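> no sequence on this one, just coordinates:
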C-alpha cells in the first residue's frame, strides 16, 4: 500500500509539474539547473514500473517458474566449484550492504540541510511559488520522505536484476566446466569402438545443448526486464548532464555531499552491472572456446553432428542489452567515465573563467 501511495505521488508530481508549466508558461524552467532533477524522472519512472507494474512482476515469476526448474544445481559440479560460488555470494552480500548504506546517505543528503532546495528541486520551487504555506509544508514532507522510498525501490531493482544475472553467470561457468571435462578421453585407437565412452559423450553433449538453449531463453527474458531501466537511465543521464551544464545557482561546495553521494551510488551501480555484463560475455565466449577444444576426432558421427549444432548455437554470445541499442559491458562503463570526466573538466574551466 505504501509503495503504491508513493508510486501515485510520483506520477502525480510529474504530471502536475508538467501541467502547471504548460498553463503558466514556465517552460523556461526546463532550460535551467532544474533539468537535472527532471532528468531523474525517467530513471525513477523505469524503476517504479519495473518493480510495481503487475506485468513486470508476472515476467519475473515467469522466469522463475519456466527457467529455474531446468537449471543445474550449484552443487552438481563438486564442492570446490560450490565453494567458489559461495565466495561470490559473500562478495555480493558485502556489495549489497555498501549500496544500502550509500542509498541511505544519498537520501539523507537530499533532505533540506542546505537551504538551496528551491534552486535544485523543481517540485520544491513549484510548491513554494504556487501553494499556500500549509499545503506546501504537507507536500514537502511527503516529497522529502519519498527519497527513502525511491532509494529502496532502486535497490530492490538492482538486487533482483543482479540475482538473475548471477544465476546466469553461474550456469555458464558450470557449462564451461562440464565441457572441459570432455577434454580427457581414451586412446585414439580404441575410442571409436568404446561404446560406453561414446554414450557418455552423447549424454553430456545433449545435457550441455539443453542447458545452453535454456540460457539463451533466460538471457532473452532478462533483457526484456532491463529494457525500460537501461533505456530510461540513459535518457535521464543525458538530461542530468545537461542540467549540470546549465549549472546550479548555488555554490558547488554547499551541495558537495549531495552530489558526491549520488555520483558514488550511480557509479557503483553502473560498475556492478557493467562488470556483470562483461563477465557474462567473457564466460559465454569461453564456452564456445571449450566446445571448439573438445576432442571431436575421438567421437562417432552422431556425436560430431551434435557438436556442430552446439558450435552453431554457442557462436551467439549471451549479452545483456536494451534491444541491442545499449550493451551492458566494460565499454559502456568506459564511455560513462569519459562523459563524467568531460563534464567535470567543462565545469572546472567554466568556474575558472568566471
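Now that the structure is in, tell me what you want to look at. Bear in mind the structure is a predicted one, so any value in this text is a computation, not a measurement.
> show me the shaky parts of the stretch 51-200 of the chain.
Counting by pLDDT under 70, the ranges of the stretch 51-200 of the chain that qualify are 109-116, 188-189.
> distance from the chain centre to stretch 61-70, please.
Relative to its chain's centre, stretch 61-70 lies at 20 Å (C-alpha atoms, centre = their mean, to the nearest Å).
> cool, and stretch 44-61?
For stretch 44-61, the distance to the chain centre is 14 Å (C-alpha atoms, centre = their mean).
> now do the same end-to-end measure for that stretch.
By C-alpha to C-alpha, to the nearest Å, the extent of stretch 44-61 from end to end equals 22 Å.
> any buried residues in it, and which?
44, 45, 46, 47, 48, 49, 50, 51, 56, 59, 60 (16 or more other C-beta atoms under 10 Å). C-beta coordinates here come from the backbone N, C-alpha and C atoms, glycine included.
> the first one is in what secondary structure piece?
Assessed by DSSP states H and E, residue 44 sits inside helix 35-52.
> all strands for the chain, in order.
Counting by DSSP state E, the chain has these strands, from start to end: 321-322, 326-327.
> average pLDDT for the first one?
Strand 321-322 carries an average pLDDT of 74.
> partners of that strand in the sheet?
strand 326-327 (antiparallel) (DSSP bridges).
> give me the distance from the strand it pairs with to the chain's centre.
So, by C-alpha atoms, centre = their mean, the centroid of strand 326-327 is 11 Å from its chain's centroid.
> is it possible to get CSV of the strands of the chain that adds mean neighbour count and distance to residue 90?
Listed next are the strands of the chain as CSV, based on neighbours: other C-beta atoms under 10 Å; distance: least, C-beta to C-beta, whole Å:
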stretch, mean neighbour count, distance to residue 90
strand 321-322, 18, 29
strand 326-327, 16, 29
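> contact partners for residue 225?
If you count contacts by C-beta atoms under 8 Å, 6 or more residues apart in numbering, residue 225 has them with 50, 56, 59, 60, 63, 161, 164.
> among those, which lie within helices?
50, 56, 59, 60, 63, 161, 164 (DSSP state H).
> and those residues, which is closest to residue 273?
Set against residue 273, the nearest of the ones in helices among the contacts of residue 225 by C-beta to C-beta is residue 161 (7.5 Å).
> any idea how far residue 308 is from the closest one?
35 Å (C-beta to C-beta, to the nearest Å).
> of the two, which one has the most company?
Comparing residue 161 with residue 308 by neighbour count (other C-beta atoms under 10 Å), the higher total belongs to residue 161, at 21 against 10.
> what sits against that one?
Contacts of residue 161 (C-beta under 8 Å, 6+ apart): 222, 225, 226, 229, 273.
> again, but for residue 291
Contacts of residue 291 by C-beta under 8 Å, 6+ apart are 179, 307, 310, 311, 314.
> how does it look with 10 Å?
175-176, 179-180, 182, 205, 208, 212, 307, 310-311, 313-315 (C-beta atoms under 10 Å, 6 or more residues apart in numbering).
> one more: residue 56?
49, 50, 157, 224, 225, 228.
> which pair in those spans the largest distance?
157 and 224, at 14.4 Å, using C-beta to C-beta across the contacts of residue 56.
> how close does residue 50 get to residue 161?
For residue 50, the distance to residue 161 - C-beta to C-beta - is 8 Å.
> picking that back up, can you list the buried residues of stretch 44-61 in a markdown table and add distance to residue 83?
Listed next are these as a markdown table, based on distance: C-beta to C-beta, whole Å:
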| residue | distance to residue 83 |
| --- | --- |
| 44 | 39 |
| 45 | 41 |
| 46 | 37 |
| 47 | 34 |
| 48 | 38 |
| 49 | 38 |
| 50 | 33 |
| 51 | 33 |
| 56 | 34 |
| 59 | 33 |
| 60 | 29 |
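> picking that back up, switch the ones in helices among the contacts of residue 225 over to a markdown table; also include distance to residue 125.
Formatted as a markdown table, the ones in helices among the contacts of residue 225 follow (distance: C-beta to C-beta, whole Å):
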| residue | distance to residue 125 |
| --- | --- |
| 50 | 29 |
| 56 | 32 |
| 59 | 37 |
| 60 | 37 |
| 63 | 42 |
| 161 | 34 |
| 164 | 39 |
